[in-house]
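Engineer: dropping a prediction and its sequence here:
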Number of protein chains: 2
Amino acid sequence: MSLDPFVPTLKEWIEVSMRYSMRNFLHFARESGLSMSHLGAIYHIHQLGSCGVTEIGEHLGVTSAAASQMLDRLVQQGLVHRTEDPDDRRVKQIGLTVEGQRILNAGIQARESWLDQLAEKLSSDEKDRITAALQVLVAKGNQLG
Amino acid sequence: MSLDPFVPTLKEWIEVSMRYSMRNFLHFARESGLSMSHLGAIYHIHQLGSCGVTEIGEHLGVTSAAASQMLDRLVQQGLVHRTEDPDDRRVKQIGLTVEGQRILNAGIQARESWLDQLAEKLSSDEKDRITAALQVLVAKGNQLG
DNA sequence: CAATATAATTTAGACTTCTTAACTATTTAG
DNA sequence: CTAAATAGTTAAGAAGTCTAAATTATATTG
């Protein structure tokens, strides 16, 4: 078991992909004028779907006051909408605006822009085998907590 | 070409691995009491090896004044050492202390802690095929800029 | 209905991070 | 040797982010 190169190889790959992906993402953040905090919040809101202020705070690890203040800025920048929940008027429903979605997608695309270059370095055969392998990983990965 | 599922599958996998890796890393950051800025700086210092203050600032996208101030804190926390370069006494050589290295390694380990769980979900056969595929990806990935 | 709980916000204050500008020390170029 | 360039630090101030506490509005419970 300790000789199985699977996990070590996976770690190597994650090291590589993190290095390029984060570099591109940080570059995008600077270009777009958004802080990592803001982009992180946008990502969490996307992940959570429609949700309340406190819930976002919990995911970000901050108080609801801090979440409320951060959302102020994001609403002001037109990236997030904040509307009253008709079922419980204490709650605000938070979600991404079209522009917020656009920024999120642009960030993800920037993060992944190095993959086309990588693809060019591989033969059809290699790509087929790698695709099959990754499909297994994706499927099993999505089954984890 | 547009039908080649290679890049889309790779993107799916990066989506999955980023989600788990970042979640674990953020959790580690909170537990260790270090900000993402500090951990980011530590990572950059590690990547650059021995380097000067301005160089770190450039990599982080901030002025040398900001880099100097951030390094103050990291030195004070015992994570970074800052010594005069004997060849050019204007320059300070920056590097990680043993404790800084330890924190970095702990962060990387935390980031990757979900991979053992993933490995358990795969057969030996699957792991062999995936390992072979990833070795190709790592090799080609390291050839990119 | 009255008391309590919950969701969000506002306020005040602490702390961090960043920038620009001024400054020190050292090196390089003319 | 002097002048200019470079590396880093320091200082002052702007802006962001966080918390605790107080506040408002709404919902739930007894």
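Structural biologist: Received the coordinates, thanks.

Engineer: got the contact list for the helix or strand hosting residue A:127?
Structural biologist: Per DSSP states H and E: residue A:127 is located in helix A:124-141. With contacts defined as Cβ atoms under 8 Å, 6 or more residues apart in numbering or on different chains, helix A:124-141 is touched by A:119, A:122, B:4-6, B:9-10, B:12-13, B:16-17, B:20, B:118, B:121-122, B:126, B:129-130, B:132-134, B:136-137. Heads up, the C-betas are built off the backbone N, CA and C, glycines and all.

Engineer: redo that, cut-off 7 Å
Structural biologist: By Cβ atoms under 7 Å, 6 or more residues apart in numbering or on different chains, the surrounding residues in contact with helix A:124-141 are A:119, B:4-6, B:9-10, B:12-13, B:16, B:118, B:121-122, B:126, B:129-130, B:133, B:136-137.

Engineer: hmm, which of those are the buried ones?
Structural biologist: Buried members of the contacts of helix A:124-141, scored by 16 or more other Cβ atoms under 10 Å in any protein chain shown, are A:119, B:6, B:9-10, B:12-13, B:16, B:118, B:122, B:126, B:129-130, B:133, B:136-137.

Engineer: which one among those gets closest to DNA strand D?
Structural biologist: Lowest distance from DNA strand D to the buried ones among the contacts of helix A:124-141 (Cβ to the nearest atom of the strand) belongs to residue B:16, with 25.6 Å.

Engineer: could you look up the SS state of that closest one?
Structural biologist: Following DSSP: H, G, I helix; E, B strand; the rest coil, the label given to residue B:16 is helix.

Engineer: now do residue A:89
Structural biologist: coil.

Engineer: quick check on it: phi, psi?
Structural biologist: The phi/psi pair for residue A:89 (degrees, to the nearest 10) reads phi -70, psi 0.

Engineer: count the neighbours of it for me.
Structural biologist: As a burial measure, residue A:89 scores 8 neighbours (other Cβ atoms under 10 Å in any protein chain shown).

Engineer: for DNA strand C, see how far away it is.
Structural biologist: As judged by Cβ to the nearest atom of the strand, to the nearest Å, residue A:89 and DNA strand C stand 9 Å apart.

Engineer: distance of that residue from residue B:142?
Structural biologist: To residue B:142, residue A:89 is 55 Å away according to Cβ to Cβ, to the nearest Å.
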